[in-house]
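Trainee: quick one, what's the 3D model for this:
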Amino acid sequence: MIRKVTKAVFPVAGMGTRFLPATKSIPKEIMTLVDQPLIQYAIDEARAAGITDFIFVTSRGKSALEDYFDASPQLEETLQRKNKTKLLEALKKTDMPSGAIAYVRQRDAMGLGHAVWCARRLIGDEPFAVLLPDDVIAGETPCLQQMVEAYQDTGGCMVAAMEVPKDKISSYGVLDTGTDNGSVVTVKDMVEKPAADKAPSNLAVIGRYILTPRVMENLNDMKIGAGGEIQLTDAIAAEISSHDGVHGYRFKGQRFDCGSKAGFLQATVAFGLARDDLAHEFRSFLHEYLAVRDAAE
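Mentor: As a prediction, this is how the structure comes out:
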């Protein structure tokens, strides 16, 4: 019987140096995409997939992230008094029941694999999900929910995958695939950040995973991989020969790399245009702005 996935790990210990100076005092994960912080999109996706236990791997300077999910009685009282019901409703999305969130510290920055390993005592012997908040995915059905549904048929480990241009492939973990049924592919090998001419395919792993507890055991070896870091990809690849194996899942939706400035801007435009309350005014601005720019050139 395949066990239900109810725990998720959110590695949020990074310093966000690509967004300095903003991230000097603000954790990157609470930078706002339209009117929600990045972490809220990841939490909403996890909730839709049935996650009930949320584990954040943090580091020094992340207290604002922890405060975001705490109760704010004074703010709620003010909104209630002013009858701002819509804002109160929006604020409810940030509520977390007592005990639903746990925080563990990654003392040393040793890579994604090490960050996930830091949560091992809270995972125990259960399957678990990993969500990287930098990867924001817009889709009719949330990405992790799609994966959880497919996982009920496959078991084992599952990674979200998407095809990327050859000149970008060296920035990703890449799959060497076997059987391919369109949505789910079996994985024969995983290569972390290969050179473009050595990549086994153009199917890259992005920041959504469903993993067996054996991956934590593999991470116990503290094997140093690409970039001199402990790579999660290596620990997952060790499960390829196991009974249930490793699968890639081609999700339906559009992924935005909000760990880069260009990706963050692209996501802002896409999510802004998708909002009924913003789309008309925002679209008009973009048309007018681009027309002026084109005329000036």
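Trainee: buried residues, stretch 154-164. List them.
Mentor: 154-162, 164 (16 or more other CB atoms under 10 Å). C-betas here are computed from N, CA, C, even on glycine.
Trainee: same thing with stretch 211-225?
Mentor: For stretch 211-225, using 16+ other CB under 10 Å, the buried residues are 211-212, 214-216, 218-219, 225.
Trainee: same deal with stretch 115-134?
Mentor: Those would be 115-120, 122-123, 127-134, for stretch 115-134 by 16+ other CB under 10 Å.
Trainee: hmm, which two among the buried residues of stretch 211-225 are most spread apart?
Mentor: The largest distance within the buried residues of stretch 211-225, taken as CB to CB, falls between T212 and G225 and amounts to 19.3 Å.
Trainee: next, give phi and psi for H247.
Mentor: phi -130, psi 150 (degrees, to the nearest 10).
Trainee: with the one 5 residues further on instead?
Mentor: According to degrees, to the nearest 10, the main-chain angles of K252 amount to phi -100, psi 120.
Trainee: show me the contact partners of stretch 81-92.
Mentor: 72, 75-76, 79-80 (CB atoms under 8 Å, 6 or more residues apart in numbering).
Trainee: could you pick out the buried ones from the residues you listed?
Mentor: L79.
Trainee: with respect to M147, which of the contacts of stretch 81-92 is nearest?
Mentor: Nearest member of these to M147, counting by CB to CB, is S72, at 32.6 Å.
Trainee: now the strands for the stretch 51-200 of the chain?
Mentor: Ranges of strands in the stretch 51-200 of the chain, per DSSP state E, counting those that start in this stretch, are 53-58, 101-105, 128-131, 135-138, 157-163, 173-180, 184-192.
Trainee: what's G207 sitting at in phi/psi?
Mentor: Dihedral angles (degrees, to the nearest 10) for G207: phi -80, psi 50.
Trainee: contacting residues for it?
Mentor: 130-135, 160.
Trainee: what about 6 Å?
Mentor: 132, 135 (CB atoms under 6 Å, 6 or more residues apart in numbering).
Trainee: so Q40, which of the three states?
Mentor: helix (DSSP: H, G, I helix; E, B strand; the rest coil).
Trainee: would you point out the most distant pair within the buried residues of stretch 154-164?
Mentor: G155 and V164 (26.9 Å).
Trainee: give the contact list for F128.
Mentor: Here F128 is in contact with 7, 211 (CB under 6 Å, 6+ apart).
Trainee: partners of it in the sheet?
Mentor: L211 (DSSP bridges).
Trainee: over to the one 10 residues further on?
Mentor: A138 forms beta bridges with Q254, as assigned by DSSP bridges.
Trainee: from memory it sits against K252, does it?
Mentor: No: at 10.4 Å, A138 does not count as touching K252 under the criterion of CB atoms under 6 Å.
Trainee: which one's more surrounded, these two?
Mentor: A138 (15 against 12; other CB atoms under 10 Å).
Trainee: which one of the buried residues of stretch 115-134 sits closest to A46?
Mentor: The closest of the buried residues of stretch 115-134, once distances to A46 are taken by CB to CB, is L131, at 6.0 Å.
Trainee: once you drop chain neighbours, what's closest to that closest one?
Mentor: A42 (4.8 Å; CB to CB, 6 or more residues apart in numbering).
Trainee: next, count neighbours for that neighbour.
Mentor: A42, neighbours per other CB under 10 Å, totals 26.
Trainee: that one and V57, how far apart?
Mentor: As defined by CB to CB, to the nearest Å, A42 lies at a distance of 13 Å from V57.
Trainee: great, nothing more from me.
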